[in-house]
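Q: Quick one, fold the following:
(one chain, ligands or ions: 1)
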Amino acid sequence: MEKVLIVTGGSRGIGAATALLAGKQGYAICVNYLHNQAAAQNIVDELGKMGGCAIAIAADIASEDQVNHLFEMVDSQLGRVTALVNNAGILEQQMRVENMDAARLNRIFTANITGSFLCAREAIKRMSIKQGGLGGAIVNVSSVASRLGSPGEYVDYAASKGAIDAMTIGLSKEVADEGIRVNAVRPGFIYTDIHADGGEPNRVERVKDLLPMKRGGQASEVANAILWLLSDEASYTTGSFIDVAGGK
Ligand code: NAP
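A: Model prediction:
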């Protein structure tokens, strides 16, 4: 069976590292992105140099229409999806809850929660052996923030990842007898661009000495865990979490 993977937010950071590692493992890959076409094309070009099959598709996962379009493009260009990494996620400027307005909360919850649900929905329709599919695997990219709560920084973001943890548990049970496994990784403090969106590009450097391993993580270290959870080596693993957080 050909392995067809969609990585949401595959143009940069953890998603890009996941796409590149998946390319080495023989997946045909859809690199989804929001705006950064050049970054997405760069990953597709790298995958092409490895001899792999890859496409870049722009789609805002917060939009139901765009998620539907994303999966239809994959159907027609790569074939039936067998693996989904719900990686795309956002955070906003660090602030206390008392200063957060509804518009911000809705942006965070819609992108991080609704987006992951919509992508999971479309993947399940195509993977479920009860709906004519051949099974598959979903990995949600949560965060240690779901355990730590991110006080003073972004409790909204942490709460959205708490929802992803609950979704991972519930959905894994819902589709366990349909040939679909659902797991999650919880990265800790990883060197990517996301921290700049919170207003602190050097956040990992600031906190790294507080971590048990005394260092930040690389996106490739998260990708290793994601690819294991997608693989047949994890065939009896569902509803599980791998913390990739240097011991935090
Ligand atoms: P990043 O470097 O900021 O990259 C974000 C990626 O998501 C980009 O590819 C971006 O596309 C895409 N994206 C953003 N909003 C999107 C949307 N609405 N629809 C589709 N794509 C969208 O982020 P990262 O640090 O790799 O984070 C990836 C995941 O890991 C997130 O879920 C994040 O919460 C989680 N995480 C990260 C850390 C960390 O320390 N970095 C820790 C814990 C959890 P464009 O390139 O087009 O903008």
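Q: C-alpha from now on. contacts and neighbour counts both.
A: OK.
Q: who touches the residue nearest the centre of the chain in this structure?
A: Among the residues of the chain, the one closest to the centroid is Asn87, at 1.3 Å (Cα atoms, centre = their mean). Contact partners of Asn87, counting by Cα atoms under 8 Å, 6 or more residues apart in numbering, are Val7, Thr8, Gly9, Gly10, Ile14, Gly15, Asn140, Val141.
Q: Kindly indicate whether the fourth one is helix, strand or coil.
A: It refers to Gly10. With DSSP: H, G, I helix; E, B strand; the rest coil as the basis, Gly10 sits in coil.
Q: Dump the contacts of Asn87 to CSV, plus distance to the ligand, neighbour count and pLDDT.
A: Output for the contacts of Asn87, formatted as CSV (distance: Cα to the nearest ligand atom, whole Å; neighbours: other Cα atoms under 10 Å; pLDDT from 0 to 100):
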residue, distance to the ligand, neighbour count, pLDDT
Val7, 9, 25, 99
Thr8, 6, 30, 99
Gly9, 3, 28, 98
Gly10, 5, 30, 98
Ile14, 4, 27, 99
Gly15, 6, 28, 99
Asn140, 8, 25, 99
Val141, 5, 27, 99
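Q: Could you give the number of residues near the residue nearest to Gly162 when sequence neighbours are not counted?
A: Leaving out its chain neighbours, the residue that sits closest to Gly162 by Cα to Cα, 6 or more residues apart in numbering is Ser146, at 4.6 Å. Neighbour count of Ser146, defined by other Cα atoms under 10 Å: 19.
Q: Please apply the same query to Asp243.
A: As a measure of burial, Asp243 has 18 neighbours, counting by other Cα under 10 Å.
Q: can you pull the pLDDT of it?
A: Note on Asp243: pLDDT of 98.
Q: in which helix or strand would I find it?
A: Following DSSP states H and E, one finds Asp243 within strand 241-244.
Q: Can you list the strands that that strand pairs with?
A: Within its sheet, strand 241-244 is paired with strand 180-187 (parallel), according to DSSP bridges.
Q: Tell me the helix or strand right after the partner strand.
A: Using DSSP H and E, the helix or strand that directly follows strand 180-187 along the chain is helix 194-197.
Q: contacting residues around that following helix?
A: Contacts for helix 194-197 (Cα under 8 Å, 6+ apart): Ile90, Leu91, Glu92, Gln93, Pro201, Asn202, Arg203, Val204.
Q: buried stuff in the helix or strand just after that helix?
A: The first helix or strand that comes after helix 194-197 along the chain, using DSSP H and E, is helix 203-207. The neighbour-count check on helix 203-207 (16 or more other Cα atoms under 10 Å) flags Arg203, Val204 as buried.
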